[in-house]
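Novice: got a predicted structure plus its sequence, pasted below:
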Amino acid sequence: MTDICIHGLGYIGLPTATIFAHSGYDVVGFDTNPEVVSTLRRREVHFDEPGLQQIATEAIDSERLKVKSEPVSADIHIICVPTPFDDTKKQADLGNVAAAGRTIGNLLKEDDLVILESTVPPTTTEEVLQPQLEKSGLVAGRDFGLAHCPETVLPGNMIAELRENDRVIGGIDRRSTERTVELYDSFVEGEIRTTENPTTAEFAKLAQNTFRDTNIALANELAMLADEYDIDSRKAIQLSNHHPRVNIHHPGPGVGGHCLPVDPWFLGQESNNLNLVSTAREINDSMSNYTIELLGEELGTLSNSRIAVLGVAYKGNVDDTRNSPGLKLARELQARKSLGVNEVTATDGGIDDIDVRIHDPCVSDQTLDLVPLDEAVRGAEALVLTTDHTEYAQLSPTRMSKLMDGNLILDTMAHLNKNEWSDAGFNYRQI
Ligand SMILES: NC(=O)c1ccc[n+]([C@@H]2O[C@H](COP(=O)([O-])OP(=O)(O)OC[C@H]3O[C@@H](n4cnc5c(N)ncnc54)[C@H](O)[C@@H]3O)[C@@H](O)[C@H]2O)c1
Ligand SMILES: CC(=O)N[C@@H]1[C@@H](OP(=O)(O)OP(=O)(O)OC[C@H]2O[C@@H](n3ccc(=O)[nH]c3=O)[C@H](O)[C@@H]2O)O[C@H](CO)[C@@H](O)[C@@H]1O
């Protein structure tokens with residue numbers, strides 16, 4: 001008998017399935033993507049997450065975790081499916097959550113427990129998922145349990161955070177909440193806090209990411225302002241942060257990933273009260289334009305320039321390119337070529353024929369036209385560092401200088417050693 005069926009074996013579902021298996025449960029991991037299933041059955045993890053390959057393989061080898069392309073009946077179902085943002089409707093796309101609900105509804109037995117882990121707009125558990133489950137004829141709260149338990153792990157540190165982070169759990173009734181707390185208590189070392197309903201748990205999760213996104217927007221605005229005074233924004237922010245009640249985040253090339261650029265929109269998708277939050281989103285989204293402005297300022301013109309964009313993962317040491325600032329920058333520079341935009345110099349109305357080459361040591365996506373480092377850098381007038389991969393901290397300015405035709409390095413994450421690059425003859429700029 002299967003104790004737990006996990007629906008969706010991506011960045012969240014696979015580590016979760018693995019940790020439950022290691023906690024002694026019999027777990028089936030179900031994914032609708034056959035490639036994910038076959039890759040995992042070969043004992044290969046289809047994305048980079050430190051430490052996961054080993055513990056996932058151990059869980060599969062022990063047969064505590066079975067990977068399947070069909071869902072199974074189980075006492076507990078945990079939903080970890082994607083919840084992308086539909087940019088045209090400006091709403092969360094909850095199609096995967098509804099589909100998982102339908103699938104589970106077909107398998108549901110009395111006294112089962114269903115837990116939604118995916119990040120969703122407030123009310124989703126009760127208004128989108130519950131009706132799908134109740135198509136089974138069973139009633140939530142009476143015949144089966146239902147709760148939201150949002151995931152808060154940080155990519156790159158997931159294995160530790162799965163155990164150590166605090167959790168918020170909101171069931172549709174007290175018994176659903178208690179059963180869910182008991183389940184997570186088997187491995188969570190942080191505090192488990194409960195809410196009176198799933199909506200509060202949904203809201204609290206979104207508020208965390210909205211706080212971070214809005215804080216980064218403030219840092220980005222401060223960076224643009226500091227530049228007007230010709231001062232180092234990061235030093236100023238660092239000094240500010242010595243105050244016991246100030247904690248400003250870091251500026252950068254924009255905010256990427258599957259969560260921060262999306263979750264603030266979920267929070268207010270039905271509301272007219274999203275003001276500060278939506279402005280913050282716009283500021284963070286505009287950082288690619290600001291980066292292009294800086295490039296134009298330093299190069300004089302972007303026409304016929306060659307630019308190397310280093311880093312298309314959305315942050316350092318991960319392979320995830322979802323909403324990546326580096327990729328957005330590269331695509332916007334490339335679009336100027338095809339559109340014939342020449343706003344930066346605005347002198348001759350000609351075409352910005354920009355040769356943009358992109359490199360990333362952690363990303364292997366064949367569709368992105370990535371090139372080896374030397375090929376990206378050779379003949380470039382400017383390097384733009386958009387991801388703080390550890391590997392990039394080892395770049396040799398002397399070697400880069402020999403390959404390049406120009407001497408501009410735009411270090412959007414302040415990841416490199418400014419003195420070392422300046423001493424090597426670079427015009428070093430950061431955001
Ligand atoms: N990635 C993160 O850092 C992170 C952190 C916290 C919360 N979350 C949230 O967790 C959820 C999952 O995100 P992710 O990054 O793991 O996504 P992902 O795209 O990496 O993985 C989701 C998996 O679900 C599968 N899937 C889609 N529909 C399915 C269905 N109906 N039944 C079974 N499998 C299905 C997909 O094939 C995919 O393999 C999202 O709501 C996300 O916002 C993500
Ligand atoms: C509240 C919180 O911590 N939530 C985390 C977040 O995980 P994440 O990987 O998306 O988060 P970040 O590491 O913050 O990166 C996001 C982007 O912001 C850029 N950035 C970051 C800090 C900064 O000072 N200046 C920046 O510019 C960075 O480069 C990157 O592009 O959401 C997950 C899913 O909900 C959570 O589970 C996880 O806890």
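Specialist: Yep, it's here. Ligands and ions are numbered 1, 2, ... in the order given.
Novice: for stretch 229-241, buried residues please.
Specialist: For stretch 229-241, a neighbour-count test (16 or more other Cβ atoms under 10 Å) marks 233-234, 236-237 as buried. From N, CA and C alone the C-beta is placed, and that goes for glycine too.
Novice: actually stretch 174-188, not the one I wrote
Specialist: For stretch 174-188, using 16+ other Cβ under 10 Å, the buried residues are 176-177, 179-181, 183-184, 188.
Novice: before we move on, the earlier item: which one of the buried residues of stretch 229-241 sits closest to Ala313?
Specialist: Nearest to Ala313 among those is Arg234, at 21.6 Å by Cβ to Cβ.
Novice: list the contacts for the closest one?
Specialist: Neighbouring residues of Arg234 by Cβ atoms under 8 Å, 6 or more residues apart in numbering: 223, 250-251, 414, 430.
Novice: ok, and of these, which contact ligand 2?
Specialist: His250 (Cβ under 6 Å from any ligand atom).
Novice: closest one of the contacts of Arg234 to Thr2?
Specialist: His250 (43.9 Å).
Novice: surely that closest one is in contact with Asn220?
Specialist: No: counting by Cβ atoms under 8 Å, His250 sits too far from Asn220 to count as a contact (9.1 Å).
Novice: so Ile78 sits in a strand?
Specialist: Yes: assigned with DSSP: H, G, I helix; E, B strand; the rest coil, Ile78 falls within a strand.
Novice: would you mind pulling the contact partners of the helix or strand of the chain with the lowest mean pLDDT?
Specialist: None of the helices or strands of the chain scores lower by mean pLDDT, DSSP states H and E than helix 325-339, at a mean of 87. Helix 325-339 is contacted by residues 252-256, 287-289, 291-292, 302, 307, 309-314, 321, 341-342, 351-354, 356, 358, 360, 368, 384, 386-387, 412 when judged by Cβ under 8 Å, 6+ apart.
Novice: in helices only, show me those.
Specialist: Among the contacts of helix 325-339, DSSP state H puts 287-289, 291-292 in helices.
Novice: let me have these in CSV, adding neighbour count, distance to Val246 and pLDDT as columns.
Specialist: Listed next are those as CSV, based on neighbours: other Cβ atoms under 10 Å; distance: Cβ to Cβ, whole Å; pLDDT from 0 to 100:
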residue, neighbour count, distance to Val246, pLDDT
Met287, 24, 22, 98
Ser288, 22, 28, 98
Asn289, 14, 28, 97
Thr291, 25, 26, 98
Ile292, 22, 31, 97
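Novice: around ligand 2, which positions in the stretch 51-200 of the chain sit nearby?
Specialist: With the criterion set to Cβ under 6 Å from any ligand atom, the stretch 51-200 of the chain comes near ligand 2 through 119, 151-155.
Novice: from the residues you listed, keep the buried residues only.
Specialist: Among these, the ones that count as buried (16+ other Cβ under 10 Å) are 119, 151-153, 155.
Novice: circling back: among His250 and Asn220, which residue is more densely surrounded?
Specialist: Asn220 (25 against 17; other Cβ atoms under 10 Å).
Novice: may I see the buried residues of stretch 110-123?
Specialist: For stretch 110-123, burial by neighbour count (16+ other Cβ under 10 Å) applies to 112-122.
Novice: out of these, which touch ligand 1?
Specialist: 118-119.
Novice: between the buried residues of stretch 110-123, which is closest to Arg163?
Specialist: Nearest to Arg163 among the buried residues of stretch 110-123 is Glu117, at 15.3 Å by Cβ to Cβ.
Novice: if I look at that closest one, how far off is ligand 2?
Specialist: 11 Å (Cβ to the nearest ligand atom, to the nearest Å).
Novice: ok, now Thr412?
Specialist: 9 Å.
Novice: ok, that residue - how many residues close by?
Specialist: Thr412 has 29 neighbours, counted by other Cβ under 10 Å.
Novice: before we move on, the earlier item: quick one: which two of the buried residues of stretch 229-241 are the most distant?
Specialist: Across the buried residues of stretch 229-241 (Cβ to Cβ), the longest gap, 7.3 Å, separates Arg234 and Ala236.
Novice: which strand or helix spans the residue lying closest to Arg357 once chain neighbours are set aside?
Specialist: Leaving aside its chain neighbours, Arg357 sits nearest to Ala376 (4.2 Å; criterion: Cβ to Cβ, 6 or more residues apart in numbering). For Ala376, the element it lies in under DSSP states H and E is helix 373-377.
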